[in-house]
Each structure stands twice: as structure tokens, then as C-alpha cells.
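Asks: Structure here, sequence nowhere to be found:
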């Protein structure tokens, strides 16, 4: 068992602190999200649930403005962001890569907030809460940890 753990941990980012592991975890989850965005409309429809005149209505592909094309586009966008974040997990002391990872969260946050507050294609709920919490929390964490990971 110890040999397996040693081998497994050798693949994890070798930087101190939890932020690199967080970035790797979010990247892996995002790759899975990209795959599902290509294979089904179900989960994308939960994020982009649209406005409902019936509070409590369960989002579905019939109430969502998401289409198969928009789902695949979202999957591609998510995959690109996950690649940048994975690079940041392993190169967190590189200021340019760190900045690019921060920018992926800025873009994600602006996108989700504008779809909710401006365009009305998203509404607060299970589908939107996860991406908003991850983007907001990661942005704050990366902003606060800049000096710890990036040399002056």
C-alpha cells in the first residue's frame, strides 16, 4: 500500500500548500464536465436553466435555452480552461501561468454572472451554484496566495 501511495503522490503537484492540488482537482473534474457536455444536454441544461415563470420548476432541456451546439461549445471552453489550470497546478511558481489560471476564473465568473444577471439564460440553483462558488472561491484564494507561490 505504501508503494502505491508513493507512486500516486509522485504524480501530484510537488509544490507546498493545497492550492496546486485544488487546481488539479478542479481540472480533472472539468475534463469530466467537458466529456458530459459532449455526450448529453442534461447537465448543461441545469446550468443554463433559463428564467422560469414557475418558481420551483425543475430545469430540463425543454425549459433551458441550451442546445447541443452550445453544450459542445461550453465543453470545449471548459476543456481549454482545465488545461490552463492543470499547467498552473504543476507550474504554480511561474507568474505568467499563474496569471493565466487566474484569468480563466475571471472569465468563468464573468460568464456565469452575465448569463444569470444580464442575459437571463441561467438562474440560481444547483446547476449554477457549483461553478459560481468554485470560480469565486478559487479567484479569492489565488489572489490571496499570489505572494506565497510566485517569487517577487
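Replies: It's in. The model shown is predicted, which means the values in this text are computed figures rather than measured ones.
Asks: May I have the secondary structure class of residue 122?
Replies: coil (DSSP: H, G, I helix; E, B strand; the rest coil).
Asks: What count of nearby residues applies to it?
Replies: Neighbour count for residue 122, taken as other C-beta atoms under 10 Å: 27. In this view, the C-beta of every residue, glycine as well, is placed from N, C-alpha and C.
Asks: ok, now how distant is it from residue 111?
Replies: 9 Å (C-beta to C-beta, to the nearest Å).
Asks: now the helices for the protein?
Replies: 2-9, 19-39, 42-47, 68-90, 95-113, 126-149 (DSSP state H).
Asks: Output those helices as a markdown table; include the columns mean pLDDT and mean neighbour count.
Replies: Output for those, formatted as a markdown table (pLDDT from 0 to 100; neighbours: other C-beta atoms under 10 Å):
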| stretch | mean pLDDT | mean neighbour count |
| --- | --- | --- |
| helix 2-9 | 68 | 8 |
| helix 19-39 | 95 | 18 |
| helix 42-47 | 90 | 21 |
| helix 68-90 | 96 | 18 |
| helix 95-113 | 97 | 17 |
| helix 126-149 | 95 | 15 |
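Asks: Would you agree residue 17 is in contact with residue 145?
Replies: Yes. Between residue 17 and residue 145 a contact is recorded at 7.2 Å, counting by C-beta atoms under 8 Å.
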